[in-house]
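K.L.:
sequence-free structure coming up:
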């Protein structure tokens, strides 16, 4: 009887559990379905690409930080110290040509690379480099230890990439060789980036694929395994904000890097500034666009073409100039000696011009675009009560003999010298600086501090102030909305 009762009890428990399970399942839908989305693995792309990715070790020399004058007092010379750095590169040709960043191999006395996952150390040398775009072409010496031609990656098109497309980065972050990360193309044409404070001709791709120190010079790939950028910089303050040099920009300079060791660029000979929403209407524009000419280099191509400070260039060689950063990129790649049509606005009127592009004079491209060397402005010692403070955050003084000599200006030159600029003022925001000589305000000639003050006072709040100043001997146009 006991055995029968136990069996009956187990059957009742089983029935209760089964009934409870069926009741619970009525609360949700359950089925055994295959995956709706098949996500492919990146492993085949990585396996095919990483064999051409380089781990680069660079040796360079640097002088001791000890003051050499102090050492010479004891008959000693400042010793050179060896420095070592790491970066990434990638092969682009079976003969051993590879790309990396200029800053990876800058000042190198010795370059050693590891190819892919191989352990053999290979020597390399710089064939050509370009600090302005941060690109360097190097060549591996000797033969491939694995035999045959060097592995290499195909170059794709950065222009064909769309924001949101998937990208893959391969490199050596923090010395962790052959590290792979994936993300998307976050943005294009990032030009307001100056890695480590270096000014250049940048047109960065932005990506959230993980990029860290050591990734510099490595490839940014599309899902076809083609290089669409050279990883170059990272925003240290943000997570997932990295920058790469677009490969279509690199293609333009590769022939010069291989053939000349440097890049020969064309030159228009003007400095430009951004057209802000505040000043656009006063310049005759329907919206902020174009490049506002602030300086024209005397004797340069723009000067010979009749360009003037205050002109707004809206088209260059048939291409729209939407932002001031467009013009340097267009002008430097257009070709030395080419005659290029321009469209511009001058005093609100549409005009056209043709400029025959020259070559950048010397190696200092920065001075070519600024149009003259900066000179230190005067301080306020010894100045009289003729100084005038304005709502622009400026303090000016009449140009006298002392200031004329200190600024190296002609004897007949007249105007109002900027003595001080408040750092947070409207004047500082548009780049006015001590030592600037204001000679014209909205078409009114400025001969002294009083005429400057009167000319500014005539302009209503919110209206456009157009100033012509002499900076470093070069006429410079400055525009701002009066507060």
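P.N.:
Now that the structure is in, tell me what you want to look at. Quantities reported herein were computed from a predicted structural model and do not represent experimental measurements.

K.L.:
C-alpha from now on. contacts and neighbour counts both.
P.N.:
Will do.

K.L.:
now stretch 29-42: how far from the chain's centre is it?
P.N.:
43 Å (Cα atoms, centre = their mean, to the nearest Å).

K.L.:
cool, and stretch 455-464?
P.N.:
The answer for stretch 455-464 is 35 Å, by Cα atoms, centre = their mean.

K.L.:
Quick one: end-to-end length of that stretch, please.
P.N.:
12 Å (Cα to Cα, to the nearest Å).

K.L.:
Show me what counts as buried in it.
P.N.:
455-456, 464 (16 or more other Cα atoms under 10 Å).

K.L.:
go on, stretch 295-305?
P.N.:
Neighbour-count burial for stretch 295-305 [16+ other Cα under 10 Å]: 295-298, 300-305.

K.L.:
so which of those would you say is closest to residue 439?
P.N.:
residue 295 (14.3 Å; Cα to Cα).

K.L.:
Would you confirm that that closest one contacts residue 270?
P.N.:
Yes. Judged on Cα atoms under 8 Å, residue 295 makes contact with residue 270 at a distance of 5.5 Å.

K.L.:
Turn the buried residues of stretch 295-305 into a markdown table, columns for pLDDT and secondary structure.
P.N.:
Converted to a markdown table, the buried residues of stretch 295-305 look like this (pLDDT from 0 to 100; DSSP: H, G, I helix; E, B strand; the rest coil):
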| residue | pLDDT | secondary structure |
| --- | --- | --- |
| 295 | 91 | strand |
| 296 | 92 | strand |
| 297 | 88 | coil |
| 298 | 87 | coil |
| 300 | 92 | coil |
| 301 | 95 | helix |
| 302 | 95 | helix |
| 303 | 94 | helix |
| 304 | 94 | helix |
| 305 | 95 | coil |
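
K.L.:
As a markdown table, those residues with distance to residue 188 would be great.
P.N.:
Shown next, in a markdown table, are those (distance: Cα to Cα, whole Å):
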| residue | distance to residue 188 |
| --- | --- |
| 295 | 29 |
| 296 | 30 |
| 297 | 31 |
| 298 | 35 |
| 300 | 32 |
| 301 | 30 |
| 302 | 29 |
| 303 | 33 |
| 304 | 35 |
| 305 | 33 |
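
K.L.:
Just name the closest of those residues to residue 438, please.
P.N.:
The closest of the buried residues of stretch 295-305 to residue 438 turns out to be residue 295 (Cα to Cα; 13.9 Å).

K.L.:
OK, contacts around the closest one?
P.N.:
270-272, 308-309, 370-371, 474-477 (Cα atoms under 8 Å, 6 or more residues apart in numbering).

K.L.:
What segments of the stretch 351-483 of the chain are strands?
P.N.:
Taking DSSP state E, counting those that start in this stretch to define them, one finds strands in the stretch 351-483 of the chain at 358-359, 388-389, 394-398, 416-421, 437-441, 444-445, 464-471, 474-481.

K.L.:
Give me the buried stretch members for the third one, please.
P.N.:
Same thing as strand 394-398. Buried residues in strand 394-398 (16+ other Cα under 10 Å): 394-398.

K.L.:
Also stretch 253-271?
P.N.:
Buried residues in stretch 253-271 (16+ other Cα under 10 Å): 253-254, 256-258, 261-271.

K.L.:
Now intersect the residues you listed with the strands, please.
P.N.:
Counting by DSSP state E, the part of those found in strands is 266-267, 270-271.

K.L.:
would you list those in CSV and tack on distance to residue 32 and pLDDT?
P.N.:
Formatted as CSV, those follow (distance: Cα to Cα, whole Å; pLDDT from 0 to 100):
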residue, distance to residue 32, pLDDT
266, 65, 93
267, 67, 91
270, 69, 93
271, 67, 91
